[in-house]
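In: I would like the atomic coordinates for the input below:
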Amino acid sequence: MTVSRKIMAFSPKVKRTTKHGDGAQNLLRSQKDAYARLLNQHQNGKFRSYLQELATQQVEESMSTSVSRSVNVVSRRKKGNSESSYSVDSLSSQQSRQMADASICSYTDKTSYQVTCTEDQGIKPGMLEKHARMELHKAAAPKKVPSKPQHKRNEKDIKISSNLVGSEEGDSQQLSCSCGEEQAKDKSKKKRLKGNLAKKDEGECGPEVDVITGKSPNKNIKAPQTQASKESLLQNNKDKGTKSGRGSRKQLFEEYMRTEDVSAGLERGELIKGVLRINPKKYKEAFVPSPDGSADIFLDGIAARNRALNGDVVVVKVLPPEQWKEVSGDINERTLANQMVPKAPDVIVEARYNEDDEVIGKMKNVCLHDKAPVTTQSVKHGSAFNISGSSSERAMQRTGKVVIIFEQKHSRAASGFLKFLPNKNFAMFSPVDHRIPRVNVPLVDCPADFVSRPGDYENVLFICRITHWPADNNFAEGRLAKTLGQAGEIEPETEGIMTEYDVDFSEFSEEVLNCLPQDLPWSIPAHELSRRRDLRKECVFTIDPATARDLDDALSCKQLSDGNFEVGVHIADVSYFVEEGSVLDQIAGKRATSVYLVQKVIPMLPRLLCEELCSLNPLTDRLTFSVIWKLSPEGKILSEWFGRTVICSCIKMSYDHAQSMIEAPDKHFSAEELPPCSTNHRIHEIKEAILNLHNIAKQLRAQRFESGALQLNQLKLSFSLDKESSMPQGCYVYQYQDSNKLVEEFMLLANMAAAHQIYRTYPELAILRRHPPPQSKMVDDLQEFCDQMGLDIDLNSSRGLHRSLNENLGNDEYAAARREVLTHMCSRAMQMASYFCTGALKDENSFHHYALNVPLYTHFTSPIRRYVDVIVHRLLAASLNCGPPLSLSLEEVHKLASHCNDRKTASKRVQELSSELFFAVFVKECGPLDSEAMVMGVLDQSFDVLVLRYGVQKRIYCNSLEGLKAVHFRKVGKRPEMTLVWEQADPSKESTQQEISIFTLLNVQLKADGAPMKYSAVLKRPSALI
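Out: The predicted model follows:
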């Protein structure tokens, strides 16, 4: 019998007791009415105590039956939906009992009998409700089997209303048509059942509150304090409003704390605010970083998260020590082991090949716990991989619970699949991301033939937006937004990713396009030329990826008679076309960044601007904002000039073109070997400029790292695509060359120069970029781990770390792989770089950029794809008296910086997921793929590897390895080691052992899984066994 049938079989019995024609029900009703009258007549303490004792005794006698039945239903449902089951499982016994009572209502919802009593009657909250439920269970005993007509009526009555509220007026009206009749029936029945019992206060029976579906693009720019207040009041009011229509089901989640109490608690240090991270592999585990840099606060179970989603800013209350979690070994290792976080991007890569620079993922370190005994276990495929034995060392990890969602960062949108539920007026939406709850969606939102042909939609992806998550339900409520298409296809999967991360990929509106120049082809007005420095006769050129179409920076270099060089960085003057306060400016601010997918770009600006009018295309006059230095051959800045200019690029070069000139300085390049070039400048002149820039860049780079800069480059996967289908035909690890480094050095120099210029003029309004140092506790743990591993790594300073990674790992063919593994470890200890308004931070020392080791830094060089750069251009123009003053206030700049941080983080994650999607398709189409791999980390039941040929990281689970007989896990100091015992093909031979530790080289195979867009890494058996 299926779960849904079990529930339906049970529920009509409950319903039957509420019919007027049933003698048992009438007797029960009279008993309840008499009970209520007695309560009203007798208010003395003894009588109240007697009633309470009697009710408690009766409830306890019946609880074992009702709870076991409830838990049975829940367990069956959990088993049937194991891959995305979203139930509260980490609860105390009392909470578990409450959950058992409420879980049956997950589908049957509004059918519970409601009994209430006022506080002045002195009855414990919920006592009468439990007693009434106990009586209902008694009445529901199978003494009388209803007739078939009666049973059909009961099944019809038990269809529940989803109590959903729409994002628009039409949504609410549409739902009311389908659900209003059943809601009215429920309400009338509940009124009759209440009889003479005391009524609830009117404040608890307010109307349903409408919820706005989805997140407005402006949502992240709101003041956090105001937003927290609105969200908490909205959610609490909705919960109260739905109680009257739910039969006072048990609350699974606590009500949110009042905003004023939260503020007071934060000031006193009793509460902690932070970003919620939910483990994608174990969604019942979540973490909030501790402000003091110690181990994360652990949120055990879904109830502790209190309906917050991954990425939300939450306020957490730390639980008493007796409720902390006992864990084996080092707490930080546990956090690491249970958290598969996205790969950390480069620390300071400004070059466009990675479309990002120094962002660091805020991840935990790799500190591994001290001595532990060897644990041994046999491997049984398909079963849980349980550890036989535990560490002798125990540590207590602080636990907490969410008391309010301070700011909803998650979009509340998800891609997933629909599941049909018989005899329900809603369907179950199961998100692909298990960290998001399952959602009840009304059938009116589903395709017209979904009810009659649900099997046709088993592999169809949908987009759902959560509109409400009641406090008494494991499942949220929401609305279907769109049908995407077949799972496993690139475009539907890509659209799902973008929607979940709130990327606006819609076409620009007519109103926005009207802000662009209408007279095409456009040319620079004569009056604008007269106000700019004319550099059109200079040898100016661009160096970009071969496929780039938004060319927002150019370089120039000429040697002066005194032996010094005049070097210019020329950036597209986007602020000329994007007028402050215009509709175009507003949409650019909301998007905040272009999003670079494998197969396409979602632009921040209309393509007329980003690919034509602003793009520094060759042989075309373009408006620019320039910084020009006089530099010595050693890279010393002798003078500096900022201003608005006009240029005409003489050639569009790729990184490969520039690299070929750097590698062959004496070679004569013909016109056929290069892109089209202006006749005003010879190829030899361009080559000399590139070689001079390369020599200066080497000097600048050496000085930077000698001064303490740090660079943590990580591998980036690139794809070659079919021109017609855009399907991946091949993939390779992107090679970071000297030409990339050349461009990077001068972009960094220009950004630093712009930061100093705008901060000097606008010390309260400048928008800069800061990078805090790694927290000392994490660095100390990582240093201890490296020492135990025998690694000569200096973590005392950014300079020492950079030198260690580049000088102490050998020079053999696997040195780069070891460097990548260590870079991955070190990145986890780093904090995230972020934009900020200088007026919002009073301590100038906090402006410092750790990775670059400079006091001031900002983004100036990419205004076509980053909105922060547009604001910096406006500040620069105002500081140089060649543009109007910025009209934004300090508070507005602060909100804008926060919004740009959010969008930058989302954009980076979408870019990573796009790469993962294409690689999964590549594995499916071209796999299995064999490669060498290097072990990055060893856990007690799995280990992580870096697949060297493709630069991807995968976790290999020991219980998935065919032919593996046993696993021995141990610690040598802080170094984790594992021995795999393989069965021999010949039983008479002894088993073969394979040692696994960090830096071990293995042979792995990547192959597609059964699920769409999934692939796994499998360890190949040692060659001795083959």
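
In: residues near the residue lying closest to Gly643 once chain neighbours are set aside, how many?
Out: Among residues not flanking Gly643 along the chain, Arg533 sits closest, at 5.5 Å (C-beta to C-beta, 6 or more residues apart in numbering). Every C-beta, even on glycine, is put in place using the N, C-alpha and C of the backbone. Burial of Arg533 is recorded as 13 neighbouring residues (other C-beta atoms under 10 Å).

In: I'd say Arg533 and Val627 touch.
Out: No - counting by C-beta atoms under 8 Å, Val627 is not a contact partner of Arg533; they are 11.7 Å apart.

In: doesn't Met653 make contact with Leu674?
Out: Yes - look at Leu674 against Met653 with C-beta under 8 Å: they come within range, at 7.2 Å.

In: What's the per-residue pLDDT of Val854 here?
Out: Looking at Val854, its pLDDT stands at 95.

In: what do you get for Met1013?
Out: pLDDT, Met1013: 81.

In: which SS class is it?
Out: coil (DSSP: H, G, I helix; E, B strand; the rest coil).

In: Could you do Thr645 as well?
Out: strand.

In: Kindly report the same for Ile543.
Out: Ile543 ends up strand, using three-state DSSP.

In: partner residues bridging it?
Out: As for beta bridges, Ile543 partners with Met653 under DSSP bridges.

In: that older thread, residues in contact with the residue nearest to Gly643?
Out: Ser626, Gly643, Arg644, Thr645, Val646 (C-beta atoms under 8 Å, 6 or more residues apart in numbering).

In: and the residue nearest to the third one when sequence neighbours are not counted, how many neighbours?
Out: Closest residue to Arg644 apart from its sequence neighbours, by C-beta to C-beta, 6+ apart: Arg532 at 4.9 Å. By the criterion of other C-beta under 10 Å, Arg532 has 20 neighbours.

In: try the one 10 residues further on
Out: Other residues lying near Thr542 total 22 when counted by other C-beta under 10 Å.

In: okay but it is in contact with Ile647, surely?
Out: No - Thr542 is beyond contact range of Ile647, at 10.0 Å (criterion: C-beta under 8 Å).

In: so what sits against both of these two?
Out: Common contacts of Thr542 and Ile647 (C-beta under 8 Å, 6+ apart): Ala554, Leu616.

In: what about the chain, any weak spots by pLDDT?
Out: The chain contains residues with pLDDT under 70 at 1-248, 328-394, 1024-1026.

In: beta partners for Gly937?
Out: Asp944.

In: Correct me if wrong: it contacts Asp944.
Out: Yes - applying C-beta under 8 Å, one finds Gly937 in contact with Asp944, separated by 4.4 Å.

In: Using the three-state scheme, assign Arg818.
Out: Using three-state DSSP, the structure places Arg818 in helix.

In: Over to the residue lying closest to it once chain neighbours are set aside: give its phi and psi.
Out: Spatial nearest neighbour of Arg818, excluding adjacent residues (C-beta to C-beta, 6+ apart): Leu809 at 4.8 Å. Backbone geometry at Leu809, expressed as degrees, to the nearest 10, gives phi -110, psi 20.

In: neighbours of Leu809, just the number please.
Out: For Leu809, using other C-beta under 10 Å, the count is 21.

In: ditto for the one 5 residues further on
Out: Applying other C-beta under 10 Å, we find 16 other residues in the vicinity of Tyr814.

In: got a list of what it touches?
Out: So Tyr814 contacts Met934, Leu1001 (C-beta under 8 Å, 6+ apart).

In: what about it, distance to Gln984?
Out: To Gln984, Tyr814 is 29 Å away according to C-beta to C-beta, to the nearest Å.

In: same deal with Leu276?
Out: From Leu276 to Gln984 the distance is 48 Å (C-beta to C-beta).

In: With Leu880 instead?
Out: For Leu880, the distance to Gln984 - C-beta to C-beta - is 77 Å.

In: now do Met498
Out: 50 Å.

In: residues touching the closest residue in space to Pro773 that isn't next to it in sequence, list them.
Out: Nearest residue to Pro773, sequence neighbours excluded (C-beta to C-beta, 6+ apart): Tyr850, at 4.5 Å. Neighbouring residues of Tyr850 by C-beta under 8 Å, 6+ apart: Leu710, His771, Pro772, Pro773, Pro774, Ser798, Met830, Gln831.

In: now do Ser725
Out: Taking C-beta under 8 Å, 6+ apart as the definition, Ser725 has no contacts.

In: So it lies in a strand, does it not?
Out: No - remark: Ser725 does not belong to a strand; assigned using three-state DSSP, it is coil.

In: can you offset everything so residue one is 869?
Out: Got it, first residue is 869 now, which makes that one Ser1593.

In: Would you list the phi and psi of it?
Out: Residue torsions, per degrees, to the nearest 10, at Ser1593 are phi -90, psi -10.

In: From Glu1793, how far off is it?
Out: Distance from Ser1593 to Glu1793, by C-beta to C-beta: 11 Å.

In: and Met1846, which of the three is it?
Out: strand.

In: roughly how far apart are it and Met1804?
Out: In this view, Met1846 and Met1804 are 13 Å apart by C-beta to C-beta.

In: anything in contact with each of these two?
Out: Contact criterion C-beta under 8 Å, 6+ apart; residues shared by Met1846 and Met1804: Phe1811.

In: can you give me the strands in the stretch 1669-1818 of the chain?
Out: Assigned by DSSP state E, counting those that start in this stretch, the stretch 1669-1818 of the chain shows strands spanning 1702-1705, 1797-1806, 1810-1815.

In: Can you say which of these is packed in most?
Out: Of all the strands of the stretch 1669-1818 of the chain, strand 1810-1815 carries the top mean neighbour count, a mean of 22, counting by mean count of other C-beta atoms under 10 Å.

In: Quick check: what element follows it along the chain?
Out: Next helix or strand after strand 1810-1815 toward the C-terminus (DSSP states H and E): strand 1820-1825.

In: Need the contact partners of that following strand.
Out: In contact with strand 1820-1825 (C-beta under 8 Å, 6+ apart) are residues 1208, 1211, 1253, 1585, 1692, 1787, 1801, 1804, 1809-1815, 1872, 1874, 1884-1887.

In: What sits closest to Ser1644 if chain neighbours are left out?
Out: Gly1161 (6.5 Å).

In: what separates that neighbour from Ile1140, distance-wise?
Out: 13 Å.

In: and the two? which has more neighbours close in?
Out: Between Gly1161 and Ile1140, Ile1140 has the larger neighbour count (other C-beta under 10 Å), namely 21 against 14.

In: For the more buried one, name its beta-bridge partners.
Out: Residues in beta-bridge contact with Ile1140 (DSSP bridges): Val1184.

In: wouldn't it be in contact with Leu1167 here?
Out: No - if you go by C-beta under 8 Å, Ile1140 and Leu1167 don't touch, sitting 11.4 Å apart.

In: Need the overlap of contacts for those two.
Out: With C-beta under 8 Å, 6+ apart as the test, Ile1140 and Leu1167 both reach Val1156, Val1184, Gly1268.

In: is it possible to export those residues to CSV including neighbour count?
Out: Below are these laid out as CSV (neighbours: other C-beta atoms under 10 Å):
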residue, neighbour count
Val1156, 25
Val1184, 27
Gly1268, 26
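
In: Go through those residues and say which is closest to Asp1421.
Out: Nearest to Asp1421 among the shared contacts of Ile1140 and Leu1167: Val1156, at 39.3 Å, using C-beta to C-beta.
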